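J.: Got a predicted model here, sequence first, then my questions.
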Amino acid sequence: MRMHVRGVGLPDATPTELWILDGRISTEPVTGADTVFDGGWIVPGLVDAHCHVGLGDHGEIPLDDAIAQAEIERDVGALLLRDCGSPTDTRSLDDHDDLPRIIRAGKHLARPRRYAAGFSRELADEWQLPEAVAEEARRGDGWIKLVGDWIDRSVGDLAPLWSDDVLKAAIETAHAHGARVTAHVFSEDALPGLISAGIDCIEHGTGLTDDTIALMVEHGTVLVPTLVNIVENFPGIADAAAAKYPTYAAHMRDLHARGLSRIAAARDAGVPIYAGSDAGTMVAPGRIADEVEALKGIGMTPTEALGAACWEARRWLGRPGLDHGESADLLCYSDDPRSGPDVLHRPDLVILRGKVFRPPA
């Protein structure tokens with residue numbers, strides 16, 4: 001099908017006309033194209049830079065359930081997903097041309113009993129980490145996911161999983177295999193070792209201090225804060241643990257209380273920040289619009305916040321936007337998508353690989 005769309009392109013707010021032929025964008029007119037959108041706003045497909053397609057409450061899920069998760073993301077306009085760790089092998093979803101594109105980090109890498117049961121690949125000896133990283137890099141999509149900290153039941157609080165020497169060796173191994181590394185980190189103590197070892201990205205980052213923010217700036221480390229998860233779920237996590245692990249519960253409440261201000265400080269210092277909803281278990285799929293709105297709460301302008309889930313995130317992940325010859329993965333809105341989640345959550349037109357998908361009414 002030959003199609004034509006016309007509207008205002010973001011981020012520059014310039015008049016934009018695009019044609020679609022054989023699933024690809026043309027910036028040059030295509031004869032015989034049907035105009036399917038005329039007036040309004042046009043943006044590249046949204047990016048959820050931290051989600052978990054294939055993760056359920058107890059770990060691995062059937063592929064049909066993973067497909068349903070991906071369909072929800074597609075219908076809200078999230079057409080590029082950075083799957084930040086999943087126990088389910090979802091590589092077969094790449095054969096579905098009606099599903100978002102997925103960049104996978106493979107399985108979380110953790111120590112025994114140092115992450116949610118069934119979620120991760122557990123390493124009995126921390127020095128198994130470099131080889132595990134190499135294995136995940138060989139079958140992944142250019143990312144590795146570490147569990148940087150989690151509750152240590154022997155001390156009753158959050159604590160790092162890996163020594164600094166192991167982290168350095170593992171991250172060097174990943175980079176040698178052409179993969180980038182990210183890590184789940186809630187608290188303060190794991191951050192210096194991870195950042196100094198050359199990690200590419202930090203997930204959550206509620207325990208950032210002025211020193212570790214400066215270290216991130218020095219090393220060019222990126223932050224994906226998952227604000228929806230922090231705001232909505234940290235208090236419940238603390239309440240559930242309070243009777244057995246009161247120190248941990250108090251720590252989680254403290255991280256909740258000051259986490260957003262620390263992430264705002266990172267943004268002010270120049271740390272690159274991208275939008276990730278953490279959809280998978282405690283956060284339902286399809287929440288990327290709420291994450292964009294939350295980014296405004298740490299000081300981002302509406303254009304900056306949308307960019308963190310769109311054109312800027314695509315640039316960071318090395319994926320194209322609305323460029324001539326690239327796959328036609330784009331969204332059209334009658335109203336300005338920067339105005340709030342009610343608009344952003346409901347694109348008028350979803351085009352993925354040159355095929356039209358309209359969200360349910």
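T.: Right, received. Where do you want to start?
J.: Tell me where the stretch 101-250 of the chain has helices.
T.: Remark: helices assigned in the stretch 101-250 of the chain by DSSP state H, counting those that start in this stretch are 129-139, 164-176, 191-196, 210-219, 227-241, 246-269.
J.: for those, which one ends up most surrounded?
T.: Highest mean neighbour count among the helices of the stretch 101-250 of the chain (mean count of other Cβ atoms under 10 Å): helix 191-196, with a mean of 22. Just so you know, the C-beta spots here come from the backbone N, C-alpha and C atoms, and that holds for glycine as well.
J.: Okay, the closest residue to Ala241 other than its chain neighbours and Gly354: tell me how far apart.
T.: Using Cβ to Cβ, 6 or more residues apart in numbering and skipping residues adjacent in sequence, the residue nearest Ala241 is Ala249, 4.7 Å away. Distance from Ala249 to Gly354, counting by Cβ to Cβ, to the nearest Å: 50 Å.
J.: For the nearest residue to Thr173 once chain neighbours are set aside, give me its contacts.
T.: Excluding the flanking residues, the one nearest Thr173 by Cβ to Cβ, 6+ apart is Pro130, at 4.4 Å. Pro130 is in contact with Val166, Ala169, Ala170, Glu172, Thr173, counting by Cβ atoms under 8 Å, 6 or more residues apart in numbering.
J.: Save those residues as a markdown table, and put in distance to Ala66 and pLDDT too.
T.: What follows is these, written out as a markdown table (distance: Cβ to Cβ, whole Å; pLDDT from 0 to 100):
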| residue | distance to Ala66 | pLDDT |
| --- | --- | --- |
| Val166 | 31 | 98 |
| Ala169 | 32 | 98 |
| Ala170 | 27 | 98 |
| Glu172 | 32 | 98 |
| Thr173 | 28 | 98 |
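J.: now, among those, which is nearest to Val292?
T.: If you rank the contacts of Pro130 by distance to Val292 using Cβ to Cβ, Ala170 comes first, at 32.3 Å.
J.: Does the residue nearest to Ala241 touch Ala238 like I think?
T.: Yes. Using Cβ atoms under 8 Å, Ala249 makes contact with Ala238 at a distance of 4.2 Å.
J.: Now the residue nearest to Pro341 when sequence neighbours are not counted: which helix or strand?
T.: Residue nearest to Pro341 in three dimensions, not counting chain neighbours: Ala289, with 3.9 Å by Cβ to Cβ, 6+ apart. Taking DSSP states H and E as the definition, Ala289 sits inside helix 288-296.
J.: name the helices or strands packed onto that helix?
T.: Here helix 288-296 touches strand 46-51, helix 227-241, helix 302-307, helix 341-344, going by 3 or more Cβ pairs under 8 Å, 6 or more residues apart in numbering; DSSP states H and E.
J.: in the shortest one, what's buried?
T.: When burial is assessed from 16 or more other Cβ atoms under 10 Å, helix 341-344 yields the following buried residues: Pro341, Val343, Leu344.
J.: Give me the contacts around the strand ranked longest in the chain.
T.: Taking DSSP state E as the criterion, the chain has its longest strand at strand 34-44. Contact with strand 34-44 is made by 1-10, 16, 18, 79, 306, 310-311, 314, 320-322, 329-337, 348-349, 356, as judged by Cβ under 8 Å, 6+ apart.
J.: Please repeat the previous calculation with a cut-off of 7 Å.
T.: 2-10, 16, 310-311, 314, 321-322, 329-334, 336-337, 348-349, 356 (Cβ atoms under 7 Å, 6 or more residues apart in numbering).
J.: do stretch 53-66 as well
T.: 69-70, 81, 83, 86-88, 90, 92-93, 102, 118-119, 280-281.
J.: Minimum pLDDT in these, which residue is that?
T.: Lowest pLDDT within the contacts of stretch 53-66 is found at Thr281 (85).
J.: Count the residues that sit near that one.
T.: Look at Thr281: counted by other Cβ atoms under 10 Å, it has 16 neighbours.
J.: do the one 4 residues further on as well
T.: Neighbour count for Pro285, taken as other Cβ under 10 Å: 23.
J.: Give me the three-state assignment for it.
T.: Pro285 falls in the coil class when you classify it by DSSP: H, G, I helix; E, B strand; the rest coil.
J.: For Gly39, report the pLDDT, please.
T.: 94.
J.: If you could redo that for Gly106, that was the one I meant.
T.: 88.
J.: how about it, what does it touch?
T.: Going by Cβ under 7 Å, 6+ apart, Gly106 touches Glu136, Arg139, Gly140, Ile144, Lys145.
J.: circling back to that earlier point, orientation of the helix holding Ala289 relative to helix 227-241 in degrees?
T.: 90 degrees (axes from the mean of the first three to the mean of the last three Cα atoms, to 10 degrees).
J.: Across the sheet, point out what pairs with the closest residue to Leu10 other than its chain neighbours.
T.: Using Cβ to Cβ, 6+ apart and skipping the chain neighbours, the partner closest in space to Leu10 is Val43 (5.0 Å). Assessed by DSSP bridges, Val43 has beta-bridge partners Leu331.
J.: Val43: how many residues sit nearby?
T.: Around Val43 there are 27 residues (other Cβ under 10 Å).
J.: now do Ser163
T.: 13.
J.: I'd like the distance between it and Arg111.
T.: Separation of Ser163 from Arg111 (Cβ to Cβ) stands at 11 Å.
J.: Could you pull up the contacting residues of Leu80?
T.: Neighbour list for Leu80: Gly45, Val47, Pro100, Arg101, Arg314, Arg319 [criterion: Cβ under 7 Å, 6+ apart].
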